[in-house]
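Engineer: All I have is the shape, not the residue letters:
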């Protein structure tokens, strides 16, 4: 596939995602997950105050150590604490909600006449979605972690940066291979392993455009993530609470990008009016 | 139905978990205080980074932030039973730190009364001995600058008692700073200044016992050596010159004071020469100081002292030659050079060579204008012309002197020495000419261009001249009231109030 064709496919995916917004309810799972993230952030940020102090003080101490109970080190450790809660949350609740969204998107295409097999019930597919979520999140975090470790072994700064960049691209590639798994749980009623296998096969045929979509997601998060990677600078140069505002902005960015990612990938497969299975 | 039961069960689990853990108000209060402290310290840091450039607004913001922290006492009704001891200790520490920081900021803002109050409140907190002494010391400084000299003496006494009674101090669990060793000396001096001989004698005994105990507790240590030096100053304050020399001799033998031995020897020689009039012994000491380390500041002062001694002896010419040599010698500081010139000018005048003397005096003013000798030079000239009955020349000398003194007093002047001494010379010069009213007016009209301390001091001197020399209490009262209005919360206002009360009584 030529670069121009990849770009046109990419634009078509974004356009489909925009068109899908007309059915407002497809956004609901993403909004619910964003609300849950905000609630977690609120509980972590307001842990010393009622009503959170009753149960969040030990949680915060467990997540961030004794320093996390003090101002302003609490805000220094907030991104790390949030990350520790976020990963299991997105792997389970997050993927269950994204799966629900993909089911709704699939229904929409069925009404438009695409050949979408009968959906298995959402409740029955939940375990498969969660397993896919756990594998997806584990792989997406393990790959850059592995490269970061490798980068640590290299003594050259420039080379370390290159290795880290390779880690980020590797993570994008791994996610590209698994991003269609939820769709196959919906359309083929697959179990988690089969869904991941089919996803990898499907991604291979449209790898460039899928990777481009995932790269868009990564780039959208980049400004906020790079600021949050140095919370000490944010705390000392600006104000500690800015860390919380950045994390909240990150939630908003994630709401938009996760919707675009799943809507675009779903539409790329289902709107081709061909049998992708 | 089944879903509703599940929701109910989940709600019950959350509620029981919440109720079981209990609210952590201790963490809430401590965290909120930490947040306030962080914000307040941001303002404080801005001031500490560039104190000279910190605006009044920065200072006001920092003060306001700390005032908010100390405004509410979290333990007004005692610490709640449910609060954990470590959190209570942290809250107390934040409150204590904030109280001290607020007091320091009041001090920087020259709000000395408020600073004194804030330090006194900080003393109510649970402080370590070292912190408590620091706070008391700052309290004493605030009180002094607020003009509360009686309270200053009380505070110094309290610090001293706290040290003497402290097992921690004598047990060595505390780093002894020289400032604390000087406290009894300060108490003796304050009693002497007040003219309270009995109290001075009593404090002298207390101080002597304290220093002996220090030297016995830590023999062969720097602190013992510092106590020894404090004893020297104590004897000098009491004008007990022989015991002072004896203490200096002990100090000279202390290996911890090795670097200060030449100065101690110079001091001993000066006491011998000018207080005990034992000139032979003094000459020997000055000569050996010069021979051992020629070209050092100590040797230069010794040369000057030796020359002054020679002036009163048959070898006067040698003394004059030595003074002339000092004026031109390399490496001699301006103060010593100017003093040598002044002494030579006075001696030359005494010998009847006024033309030569006035030339030397003019050279002092042009070459070393920021020295004490330069300040005395115009007075020597004025006094000479008055003695000779040359009124026009005396007036001319007075005017030149006035211009010189006012140039030093100006806020933009490079002069960094004691400006209060400059106004002393200015006043004395005018009084020599019998122009008391003129100088009293001058001190008021010129004060606008002076710094705060000089302006206030000028007003006091002006008021004193009106009341004591010109018998014009009304003008004195007006000036003192203006001073209180101009410098509220400072020691100047307090001194003015005291002088007003004294005027009322008289």
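Structural biologist: Yep, it's here. Computed from a predicted model, the values in this text were never measured in an experiment.
Engineer: Correct me if wrong: residue B:215 contacts residue B:230.
Structural biologist: No. Counting by C-beta atoms under 8 Å, residue B:215 stays clear of residue B:230, with 10.3 Å between them. Every residue, glycine included, has its C-beta placed from N, CA and C.
Engineer: how about the helix or strand residue A:142 falls within against chain B, any contact?
Structural biologist: Per DSSP states H and E, residue A:142 falls inside helix A:122-153. No. Using C-beta under 8 Å from any C-beta of the partner chain, helix A:122-153 never reaches chain B; the gap is at least 11.8 Å.
Engineer: OK, contacts around residue A:178?
Structural biologist: Counting by C-beta atoms under 8 Å, 6 or more residues apart in numbering or on different chains, residue A:178 touches A:132, A:135, A:136, A:139, A:196, A:199, A:200, A:203.
Engineer: can you rerun that using 6 Å?
Structural biologist: With contacts defined as C-beta atoms under 6 Å, 6 or more residues apart in numbering or on different chains, residue A:178 is in contact with A:136, A:196, A:199.
Engineer: what phi and what psi does the backbone show at the last one?
Structural biologist: Okay, so that is residue A:199. For residue A:199, the backbone dihedrals (degrees, to the nearest 10) come out as phi -60, psi -40.
Engineer: how many other residues sit next to it?
Structural biologist: 25 (other C-beta atoms under 10 Å in any protein chain shown).
Engineer: thought it was touching residue A:181?
Structural biologist: Yes. Here residue A:199 reaches residue A:181: they are 4.0 Å apart, a contact under C-beta atoms under 6 Å.
Engineer: From residue A:21, how far off is residue A:209?
Structural biologist: Separation of residue A:209 from residue A:21 (C-beta to C-beta, to the nearest Å): 20 Å.
Engineer: who's more crowded, the two?
Structural biologist: Legend: neighbour count by other C-beta under 10 Å for residue A:209 and residue A:21, higher for residue A:209 (24 against 11).
Engineer: pLDDT below threshold where in the stretch 351-500 of chain B?
Structural biologist: In the predicted model, the stretch 351-500 of chain B carries pLDDT under 70 at residues B:489.
Engineer: same question, the stretch 51-200 of chain B
Structural biologist: Residues of the stretch 51-200 of chain B that meet the criterion pLDDT under 70 lie in B:51-55, B:76-79, B:173-174.
Engineer: One more: chain A?
Structural biologist: Regions of chain A meeting the criterion pLDDT under 70 cover residues A:1, A:110-120, A:272-277.
Engineer: in the stretch 101-250 of chain A, what residue is nearest chain B?
Structural biologist: Residue nearest to chain B within the stretch 101-250 of chain A (C-beta to the nearest C-beta): residue A:240, separated by 7.3 Å.
Engineer: ok, that residue - how many residues close by?
Structural biologist: Residues near residue A:240, counting by other C-beta under 10 Å, number 20.
Engineer: just residue A:230 next, same as before
Structural biologist: By other C-beta under 10 Å, neighbour count at residue A:230 equals 12.
Engineer: what are the phi and psi angles of it?
Structural biologist: The phi/psi pair for residue A:230 (degrees, to the nearest 10) reads phi -130, psi 70.
Engineer: do residue B:236 as well
Structural biologist: Per-residue torsions, residue B:236: phi -70, psi -40 (degrees, to the nearest 10).
Engineer: Could you check what's spatially nearest to it, not counting adjacent residues?
Structural biologist: residue B:244 (5.1 Å; C-beta to C-beta, 6 or more residues apart in numbering or on different chains).
Engineer: before we move on, which element is the one you found in?
Structural biologist: According to DSSP H and E, residue B:244 maps onto helix B:241-252.
Engineer: give me every residue that touches the residue of the stretch 101-250 of chain A closest to chain B.
Structural biologist: If a contact means C-beta under 6 Å, 6+ apart, then residue A:240 has A:72, A:75 as its contacts.
Engineer: And for residue A:263?
Structural biologist: Applying C-beta under 6 Å, 6+ apart, the residues near residue A:263 are A:17, A:20.
Engineer: Quick check: the gap between it and chain B.
Structural biologist: 29 Å (C-beta to the nearest C-beta, to the nearest Å).
Engineer: before we move on, what about residue A:100?
Structural biologist: 17 Å.
Engineer: what's the neighbour count on the nearest residue to that residue once chain neighbours are set aside?
Structural biologist: Nearest residue to residue A:100, sequence neighbours excluded (C-beta to C-beta, 6+ apart): residue A:29, at 4.7 Å. Other residues near residue A:29 come to 22 when the count uses other C-beta under 10 Å.
Engineer: cool, the one 4 residues further on as well?
Structural biologist: Residues contacting residue A:33 under the criterion other C-beta under 10 Å number 24.
Engineer: Which stretches in the stretch 151-277 of chain A count as helices?
Structural biologist: Remark: helices assigned in the stretch 151-277 of chain A by DSSP state H, counting those that start in this stretch are A:157-178, A:181-187, A:192-205, A:207-228, A:231-237, A:241-270.
Engineer: Spell out which parts of the stretch 151-300 of chain B neighbour chain A.
Structural biologist: Proximity of the stretch 151-300 of chain B to chain A, by C-beta under 6 Å from any C-beta of the partner chain, involves no residues.
Engineer: Which strand or helix spans the residue nearest to the spatial centre of chain B?
Structural biologist: Residue closest to the mean C-alpha point of chain B, counted by C-alpha atoms, centre = their mean, is residue B:141 at 8.8 Å. Using DSSP H and E, residue B:141 sits within helix B:129-145.
Engineer: Can you report how many residues neighbour the closest residue to residue B:189 other than its chain neighbours?
Structural biologist: If the residues on either side of it in the chain are set aside, residue B:189 comes closest to residue B:237, at 5.4 Å by C-beta to C-beta, 6+ apart. If you count neighbours by other C-beta under 10 Å, residue B:237 ends up with 19.
Engineer: Same question for residue A:50.
Structural biologist: The number of residues packed around residue A:50, counting by other C-beta under 10 Å, is 11.
Engineer: any idea how far residue B:36 is from it?
Structural biologist: 18 Å.
Engineer: and what of residue B:101?
Structural biologist: Distance, residue B:101 to residue B:36, using C-beta to C-beta: 12 Å.
Engineer: and these two? which has more neighbours close in?
Structural biologist: A count of neighbours by other C-beta under 10 Å puts residue B:101 above the other of residue B:101 and residue B:36, at 22 against 19.
Engineer: any idea which element the closest residue to residue B:249 other than its chain neighbours lies in?
Structural biologist: Counting by C-beta to C-beta, 6+ apart, residue B:249 lies nearest to residue B:268, which is 7.1 Å off, once chain neighbours are set aside. According to DSSP H and E, residue B:268 maps onto helix B:261-270.
Engineer: next SSE after that helix?
Structural biologist: helix B:279-292.
Engineer: so what's residue A:175 up against?
Structural biologist: By C-beta under 6 Å, 6+ apart, the contact set of residue A:175 is A:140, A:214.
Engineer: just to revisit the earlier point, verify the stated contact: the residue nearest to residue B:249 with residue B:250.
Structural biologist: No. Between residue B:268 and residue B:250 there is no contact under C-beta under 6 Å: 11.2 Å.
Engineer: So for the two, which residue has more residues nearby?
Structural biologist: More neighbours surround residue B:268 than the other of residue B:268 and residue B:250, with 23 against 13 (other C-beta under 10 Å).
Engineer: Model confidence for that one, exactly?
Structural biologist: Here the pLDDT value assigned to residue B:268 is 95.
Engineer: Tell me which helix or strand comes right after the strand or helix carrying residue A:87.
Structural biologist: According to DSSP H and E, residue A:87 maps onto helix A:73-89. Sequence-wise, the next helix or strand downstream of helix A:73-89 (DSSP H and E) is helix A:95-112.
Engineer: Taking helix A:122-153 as reference, get the angle to that following helix.
Structural biologist: 120 degrees (axes from the mean of the first three to the mean of the last three C-alpha atoms, to 10 degrees).
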